[in-house]
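Chemist: sequence first, predicted model second:
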There are 2 protein chains.
Amino acid sequence: MIHHLRRFMPVFDWGRSYDRRAFSNDMIAAMIVTIMLIPQSLAYALLAGLPPEAGIYASIAPIILYAIFGSSRALAVGPVAVVSLLTASALGQVAEQGTAGYAVAALTLAFLSGGFLLLMGVFRLGFLANFLSHPVIAGFITASGFLIAASQLKHILGVSAHGHTLPELLISIFSHLGDIHWITVALGASATGFLIWVRKSLNPTLRKLGVPPLFSDMLTKAGPVAAVVATTVAVWAFDLAARGVKIVGEVPQSLPPLTLPGFAPDLLNALLVPAILISVIGFVESVSVAQTLAAKKRQRIDPDQELIGLGAANLGAAFTGGYPVTGGFSRSVVNFDAGAQTPAAGAFAALGLAFAAVALTPLVYFLSKATLAATIIVAVLSLVDLSILKKTWGYSRADFVAVATTMLLTLGLGVEIGVASGIAISVLLHLFKTSRPHVAEVGLVPGTQHFRNIYRHKVETDPTVVSLRVDESLYFVNARFLEDLVQKRVTNGCEIHHVILMFSAVNEVDYSALESLETINVRLKDMGVGLHLSEVKGPVMDRLQRSHFIEDLNGEVFLSQFDAWRKLANSPVPTAAQ
Amino acid sequence: MIHHLRRFMPVFDWGRSYDRRAFSNDMIAAMIVTIMLIPQSLAYALLAGLPPEAGIYASIAPIILYAIFGSSRALAVGPVAVVSLLTASALGQVAEQGTAGYAVAALTLAFLSGGFLLLMGVFRLGFLANFLSHPVIAGFITASGFLIAASQLKHILGVSAHGHTLPELLISIFSHLGDIHWITVALGASATGFLIWVRKSLNPTLRKLGVPPLFSDMLTKAGPVAAVVATTVAVWAFDLAARGVKIVGEVPQSLPPLTLPGFAPDLLNALLVPAILISVIGFVESVSVAQTLAAKKRQRIDPDQELIGLGAANLGAAFTGGYPVTGGFSRSVVNFDAGAQTPAAGAFAALGLAFAAVALTPLVYFLSKATLAATIIVAVLSLVDLSILKKTWGYSRADFVAVATTMLLTLGLGVEIGVASGIAISVLLHLFKTSRPHVAEVGLVPGTQHFRNIYRHKVETDPTVVSLRVDESLYFVNARFLEDLVQKRVTNGCEIHHVILMFSAVNEVDYSALESLETINVRLKDMGVGLHLSEVKGPVMDRLQRSHFIEDLNGEVFLSQFDAWRKLANSPVPTAAQ
């Protein structure tokens, strides 16, 4: 029974050996993570267009559920930047920000996303996430970083603007430039400047001053909290809210409420595709973080179990006033670095956040939205990585095209079109690359049994025998290419009596390729030319034998190319063909 | 100049050597084809929902333009069954059958299709048609055959019915069963029976009676004309039109008119995707016919030139009262068998049809629609090939799934969704198949320098060295799989000091795979394990050297697996890692 439960609930795995040392390590990590998560949760809720408490609620139940079902020992689950942006984009299509419908739609989105992840996990479909190529993800994340920063600019400037693409956002901000609220700008700009300075220079400066590494690390991590405290005090002390600075205001003092997602068919229908997109992107992000951290301890994570863990976390968010969540990079790294040993660290952080939700929310009443925007902008700077453009340009033009297109479309047409096109383009480019496989005409290296490209090596050939080495699996995309190639080669030389296809590098022959081979066979037969195969791999041969191809072959199948050559070179015209 | 023209107009190629013998061969073929095309053209126009003369017009200018620009010497271009069905489906979404708007939309569809084909040809994108796999095409054509037969059933029964999917058509016919017009049924059923008998039994019967093969072939081909003549005479003699049998009626006596497609943005927008689909399917059908016929004479056709030829033909149809056309199977085979030597045969057939359009149209006034439906039904029977289900089931389940899905979706949801899903499914199945590449752990065959799978052969191994032979190119779909696999293998054995990836079968490493290799390298380094590569192909190595991977590699690149083994087996723990 326990064994069965352990299959789906890793908590029974690590829970049994949980001891005092693990407990104290986990507690310390939890405290550090909690302090970091409070402003982050509020900020990402703002980014998603939801009330600030939604961000805190989205960090409580999901963390606990992930601790029970997830397989990573360091992953910290909760609201993250890119998923918050995707949430805002999806919800913007079905409801107005600030309405009750918007918050319900957020629950529905989390519900659909959780259900989808759970299904994927139960059916062990985690590998499907691999259809998203690294360049597409990199391009998408970078473009999302720009979009997020642009979407927060309005809070720093104190203007109202909206849009889901970079041009929309910039035009909207530009047209409101007259409304700029300079006190907000002063507050937002100084918070941004301070946070950038903390991020870039504080740690080295403290080190130079002789502060011990552990302490200087902690001070650096407390930067956002310091910014929050300082600006909140400033707003309160100078009564800036009355002068027009937008503040967070009243946040309910309560534990996460029990909530019910909306199940109206129209709503489900409109949110299904965005939910799938959010799930897939969240999963890919989360798994790569979890894998990186697990590898450092020579542990493994199980991607299908991760799907179940993230699915449970999102269902949790759906029923406790949250919105879609996933494993976040920065919080997980902090958790890991702070010494978290088991998922219990996450559960303790959840307790910390629950305490904050009940006791500390009055303290953020005077927190300015500009400060939250500043923390978001500085956080997403780490997402922006334009070097991927240069790296892929140097490595492979096809990958560069995939990155650049994904970026441009994400910025210009929005996150959903951007990532969908990115996937489509990377698949098309792959098909394109394999559509013209390398096929070498080979000849015998004198004195050996080896065959090499006739254009690169001095080899023996026979004008009546053409040997073609196919350097790719044959499937529908390149099947007809081989037809054309053989046809071209044979119609170019009038004396050809035999064609040998050397299959040493062919790992698969699908049905389309089988039909192409049959066509080649029939055409060559009509021309009085024999078709032979050599060095066919076992599994490919097994499959070919299930069809009539081998029986109908106007020639033979040879174990080695050398056997084929010995038999056919300088031989008389094939009898079958005359 | 002429050389330049020949590049785009093959007419300058074969035209220079045109002689009297070719002329007489072409004339004979043209006469036979003309007789066959008259009823066929009328029937396919009916299938497309257009007035009968549209079918004849679509056979005149397109044939002549194809003769100038096309590269096949035997292909006969004109209205064909599947394209007519696709046309009806596309036009049904923008206009009502029988209206002027419907005919104009048909011209626009031909125009868009022609423009798209021409562009594809000029940019030499013919290979894109290969993304349609053979099983998908086979499934689609078979399902289309059923749809076409079902759509013609109403003419045989004399009821009115409509729909673009099999359930719609059958339900619609079923609900009109009370309206069956029995005289029409008698006419239609006897025509159908007669045509099936002609197709299946006439030729063998005549042969048995001692009729010479050439003559019995011609009689068989004249079957549809005989059915047309007999039923038309019957309708006229017994005044069946007055008794409710639907007839073709007045067909204008004229050469193809000059017409202008509609260019309203809404119309262009609505027809663009159908036009692309029609172009691609028409092109694939046409090229496979042309290739088959060319191969019989050891000739080649140029797929990109075919695009230009078909593009010109469709533009011709758009401006002369036609609708989308392509190279037809049956008419091309008849043309070829009748001895057509050059595309001039097509031009002569066009002249014959022009004569028919001017002089013979009054003769079809009493031609019943039931007869035309019978000729369509019998013609499409040859499209239906359910054996593809059995063949693919035996050969490969993935291909079977592609065929079955394409068929079911085409029948159940219509031609456009059917073929689009077919393409998507075959691509997904391919990605799925390559997403878990074969990776063999290899060891040294004693006394040789060869390495073989440790689970299949008796080989030497070293518990501290893991050699993995990767049997597939590495790209985004399977990159992460390799990460997981290496991670799993290394975390399973605690003593491992070296991992060697044997790249003999890796033809490509894309940027995603590069990043995965980098990740593997970093993770192994963190664990104190060395990562080495062996037998990397030249182009793959060139590419890897453009990145930092080789520099950062926590190990070496060996020319051969044996070199790697000799150096690493039984060696001390790698220094770099400690």
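Modeler: That came in fine, so what should we check first?
Chemist: okay, CA-based contacts and neighbour counts for the rest of this
Modeler: Fine.
Chemist: just checking, A:V358 touches A:V251?
Modeler: No: if you go by Cα atoms under 8 Å, A:V358 and A:V251 don't touch, sitting 10.0 Å apart.
Chemist: out of these two, which sits in the more crowded spot?
Modeler: Neighbours were counted for A:V358 and for A:V251 using other Cα atoms under 10 Å in any protein chain shown; A:V251 has more, 18 against 15.
Chemist: the more buried one contacts A:A54, doesn't it?
Modeler: No: with contact defined as Cα under 8 Å, A:V251 does not reach A:A54; the gap is 9.9 Å.
Chemist: common neighbours of those two, please.
Modeler: Shared contacts of A:V251 and A:A54 (Cα atoms under 8 Å, 6 or more residues apart in numbering or on different chains): none.
Chemist: tell me where the model's unsure across the stretch 351-500 of chain A.
Modeler: A:493-494 (pLDDT under 70).
Chemist: contact partners of stretch A:116-124?
Modeler: Stretch A:116-124 is contacted from outside by A:126, A:275-276, A:279, A:304-312, using Cα under 8 Å, 6+ apart.
Chemist: can you give me the distance of the residue lying closest to A:L389 once chain neighbours are set aside to A:P437?
Modeler: In this structure, A:L389 finds its nearest non-sequential neighbour in A:F400, 6.2 Å apart by Cα to Cα, 6 or more residues apart in numbering or on different chains. Counting by Cα to Cα, to the nearest Å, the separation of A:F400 from A:P437 is 21 Å.
Chemist: what's the answer for A:P62, then?
Modeler: Between A:P62 and A:P437 the distance is 48 Å, computed by Cα to Cα.
Chemist: pick out whichever of those two has more residues nearby.
Modeler: Between A:P62 and A:P437, counted using other Cα under 10 Å, the more crowded position is A:P62 (34 against 19).
Chemist: which helix or strand contains the more buried one?
Modeler: Using DSSP states H and E, the element containing A:P62 is helix A:52-69.
Chemist: what residue ranges in the stretch 151-300 of chain A are flagged as low confidence?
Modeler: A:298.
Chemist: got the residues of it near chain B?
Modeler: Residues of the stretch 151-300 of chain A lying near chain B by Cα under 8 Å from any Cα of the partner chain: A:T292, A:A295, A:K296, A:K297, A:R298, A:Q299, A:R300.
Chemist: can you lay out the residues you listed as a markdown table showing neighbour count, distance to B:F238 and secondary structure?
Modeler: Below are these laid out as a markdown table (neighbours: other Cα atoms under 10 Å in any protein chain shown; distance: Cα to Cα, whole Å; DSSP: H, G, I helix; E, B strand; the rest coil):
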| residue | neighbour count | distance to B:F238 | secondary structure |
| --- | --- | --- | --- |
| A:T292 | 19 | 86 | helix |
| A:A295 | 20 | 89 | helix |
| A:K296 | 15 | 92 | helix |
| A:K297 | 11 | 93 | coil |
| A:R298 | 19 | 91 | coil |
| A:Q299 | 16 | 89 | coil |
| A:R300 | 20 | 85 | coil |
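Chemist: of these, which is the nearest to B:A90?
Modeler: Nearest to B:A90, judged by Cα to Cα, of these is A:T292 at 50.9 Å.
Chemist: excluding covalently adjacent residues, which one is nearest to the closest one?
Modeler: In space, and not counting its chain neighbours, A:T292 is closest to B:R523: 7.7 Å by Cα to Cα, 6+ apart.
Chemist: A:K537 now?
Modeler: In space, and not counting its chain neighbours, A:K537 is closest to A:S504: 6.7 Å by Cα to Cα, 6+ apart.
Chemist: so which helix or strand takes in the one you found?
Modeler: Assessed by DSSP H and E, A:S504 sits outside every helix and strand.
Chemist: ramachandran angles for it?
Modeler: phi -60, psi -30 (degrees, to the nearest 10).
Chemist: do you know the pLDDT at it?
Modeler: Note on A:S504: pLDDT of 77.
Chemist: what sits against it?
Modeler: A:R469, A:V470, A:D471, A:S534, A:E535, A:V536, A:K537.
Chemist: doesn't A:L468 lie inside a helix?
Modeler: No: assigned with DSSP: H, G, I helix; E, B strand; the rest coil, A:L468 falls outside any helix and is strand.
Chemist: next one: the strand or helix carrying A:A45 to chain centre, how far?
Modeler: Per DSSP H and E, A:A45 falls inside helix A:20-47. Its chain's C-alpha centre and that of helix A:20-47 lie 24 Å apart, by Cα atoms, centre = their mean, to the nearest Å.
Chemist: and the angle from that helix to helix A:52-69?
Modeler: Inter-element angle recorded for helix A:20-47 and helix A:52-69: 140 degrees (by axes from the mean of the first three to the mean of the last three Cα atoms, to 10 degrees).
Chemist: quick check: buried residues in helix A:20-47?
Modeler: For helix A:20-47, a neighbour-count test (16 or more other Cα atoms under 10 Å in any protein chain shown) marks A:22-23, A:25-47 as buried.
Chemist: can you check stretch A:91-100 too?
Modeler: Buried positions in stretch A:91-100, judged by neighbour count with 16+ other Cα under 10 Å: A:L91, A:G92, A:A95, A:Q97.
Chemist: now the end-to-end length of it.
Modeler: For stretch A:91-100, the separation between the terminal residues is 12 Å (Cα to Cα).
Chemist: which element follows the strand or helix carrying the residue nearest to A:T292 toward the C-terminus?
Modeler: If you go by DSSP H and E, B:R523 is part of helix B:511-527. As assigned by DSSP H and E, the chain's next helix or strand after helix B:511-527 is strand B:530-534.
Chemist: how about that next one: buried residues?
Modeler: B:G530, B:L531, B:H532, B:L533, B:S534.
Chemist: report pLDDT for A:R7.
Modeler: So, for A:R7, pLDDT stands at 64.
Chemist: angle of the helix or strand where A:A404 lies against helix B:511-527?
Modeler: Assessed by DSSP H and E, A:A404 sits inside helix A:397-413. Here helix A:397-413 runs at an angle of 100 degrees relative to helix B:511-527 (the same axes, to 10 degrees).
Chemist: pull out the buried residues from helix A:397-413.
Modeler: Across helix A:397-413, burial judged by 16+ other Cα under 10 Å covers A:398-413.
Chemist: what do you get for stretch A:285-295?
Modeler: Quick answer for stretch A:285-295 (16+ other Cα under 10 Å): A:E285, A:S286, A:V287, A:V289, A:A290, A:Q291, A:T292, A:L293, A:A294, A:A295.
Chemist: can you name every helix or strand that the helix holding A:A404 contacts?
Modeler: Helices and strands touching helix A:397-413, by 3 or more Cα pairs under 8 Å, 6 or more residues apart in numbering or on different chains; DSSP states H and E, are helix A:134-157, helix A:166-175, helix A:387-395, helix A:415-435.
Chemist: what does that helix contact?
Modeler: A:135-136, A:138-140, A:142-144, A:146-147, A:164-167, A:388-389, A:392-393, A:415-419, A:421-422, A:425-426, A:429, B:510-511.
Chemist: just the buried ones from those?
Modeler: Buried members of those, scored by 16+ other Cα under 10 Å, are A:135-136, A:138-140, A:142-144, A:146-147, A:164-167, A:388-389, A:392-393, A:415-416, A:418-419, A:421-422, A:425-426, B:510-511.
Chemist: next one: the helix or strand A:R207 falls within to chain centre, how far?
Modeler: Applying DSSP H and E as the criterion places A:R207 in helix A:203-208. Computed by Cα atoms, centre = their mean, the separation of helix A:203-208 from the middle of its chain amounts to 35 Å.
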